[in-house]
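Chemist: requesting a structural model of the entry that follows:
(chains A, B and C)
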Amino acid sequence: MPELPEVEAIRRRLARQITGRRIRAAHVLRAGTVEARPVGFARLVTGRTIEEVERRGKNLLIGLSGNYTLRVHLRMTGELLAGEDAREAFEAEEPVKSVRVWFELGGGCELVFKDFRGLGRISAATCSEMEQALAPLGPEPLGRRFREDDFVAQARRSRQPAKLFLMDQTHVAGLGNIYVAEALFHAGIDPRRPMQTVSAPRLRSLHSAIRTVLRKAVRSATLLYKRPGTYRQSDVFGRRVYGREGEPCRVCGREVRRIPQGGRSTYFCPHCQR
DNA sequence: AGTCACCTGATT
DNA sequence: AATCAGGTGACT
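Modeler: Residues are numbered from 1 along each chain as shown, chains lettered A, B, ... in the order given. Okay, here's the model as predicted:
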């Protein structure tokens, strides 16, 4: 489900709920979800205190005492819920099918990783191991290290179609199918066009479009996550092209098209994006 | 660079 | 029965 803005919204909510709490126990209900043997995983995290909740790209990073980090990647349908949210999630499901990992925290608080498709992943490692694992990720698009010249230079070297270039987390971290489509529309770039052939001015406008689109989405996702679960990203954000196949482009009125790229759907306006 | 597998469910 | 779904990594 989530791309950077949703993960950021989840992070903010979670930080308030679980920071400072101790992990009293961890239960792995589906072995495939953790990247370790379940017992080993539980042993690694139990007894540690949650010091912070951070985000890198689409990864949630839960900083634990003793220089440990818990990494949660929600993939398509993962949810990480704490406190009230966790309790509700548990109670709403009888029998419990989609809860994959369950943590008992101090003060009777719970932390639940739910994921009906089971593609999400959780891992635990020392901080330095985790840094290594995350090293391939490109810069945070909303951070200072996402520099326009670097982005343009990298783009000019790539023959990848624009859509695939942006989906590749090593160039920029945190974009997914929706926000790539929206950013490319904003910048007026055809998603099929090899990055190399996009003009420098357009690449600069893409750099800025990525930030604008994401900033706006973070704001809206953060507001909507006051009630997690009820949230459907597609209802929310003022999408220009994503999911609008056959509907009129909001700028030129022509039909928005959908094409397959990299095994997934790309939405764009062939008139506005060249 | 492209395709597929990983899972489950909703929709056509 | 087939296709689609906001992601990623492992294959050819």
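Chemist: what about residue A:247, how many residues nearby?
Modeler: Residues contacting residue A:247 under the criterion other Cβ atoms under 10 Å number 11. (Each C-beta comes from the backbone N, C-alpha and C, glycine too.)
Chemist: for it, what are its contacts?
Modeler: By Cβ atoms under 8 Å, 6 or more residues apart in numbering, the contact set of residue A:247 is A:255, A:256.
Chemist: and if we set it to 7 Å?
Modeler: By Cβ atoms under 7 Å, 6 or more residues apart in numbering, the contact list for residue A:247 reads residue A:256.
Chemist: which residues of chain A lie near DNA strand C?
Modeler: Neighbours of DNA strand C within chain A, by Cβ under 7 Å from any atom of the strand: A:1-3, A:6, A:57-58, A:73, A:75-76, A:117, A:119, A:167, A:169, A:176-178, A:231-234, A:243, A:258, A:263-265.
Chemist: quick check: residues of the stretch 101-250 of chain A near DNA strand B?
Modeler: Residues of the stretch 101-250 of chain A lying close to DNA strand B by Cβ under 7 Å from any atom of the strand are A:116, A:117, A:118, A:119, A:159, A:160, A:161, A:164.
Chemist: which pLDDT value belongs to residue A:47?
Modeler: Residue A:47 carries a pLDDT value of 98.
Chemist: that one is in what secondary structure piece?
Modeler: Assigned by DSSP states H and E, residue A:47 falls within no helix or strand.
Chemist: which residue ranges of the stretch 101-250 of chain A form strands?
Modeler: A:110-115, A:121-126 (DSSP state E, counting those that start in this stretch).
Chemist: dump the ones you listed into a markdown table; add mean neighbour count and mean pLDDT as well.
Modeler: A markdown table is the format used below for the strands of the stretch 101-250 of chain A (neighbours: other Cβ atoms under 10 Å; pLDDT from 0 to 100):
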| stretch | mean neighbour count | mean pLDDT |
| --- | --- | --- |
| strand A:110-115 | 24 | 96 |
| strand A:121-126 | 20 | 96 |
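Chemist: how about TSV for those strands, with distance to residue A:99 added?
Modeler: Shown next, in TSV, are those (distance: least, Cβ to Cβ, whole Å):
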stretch	distance to residue A:99
strand A:110-115	5
strand A:121-126	12
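Chemist: could you find the closest non-adjacent residue to residue A:110?
Modeler: Using Cβ to Cβ, 6 or more residues apart in numbering and skipping residues adjacent in sequence, the residue nearest residue A:110 is residue A:86, 4.2 Å away.
Chemist: ok, the residue of chain A at minimum distance from DNA strand C to DNA strand B distance?
Modeler: Using Cβ to the nearest atom of the strand, residue A:176 is the residue of chain A that sits closest to DNA strand C, at 1.9 Å. Going from residue A:176 to DNA strand B by Cβ to the nearest atom of the strand, to the nearest Å gives 14 Å.
Chemist: then residue A:39?
Modeler: 19 Å.
Chemist: do residue A:109 as well
Modeler: With the distance defined as Cβ to the nearest atom of the strand, residue A:109 ends up 27 Å from DNA strand B.
Chemist: how about the contacts made by that residue?
Modeler: Going by Cβ under 7 Å, 6+ apart, residue A:109 touches A:18, A:21, A:82, A:83.
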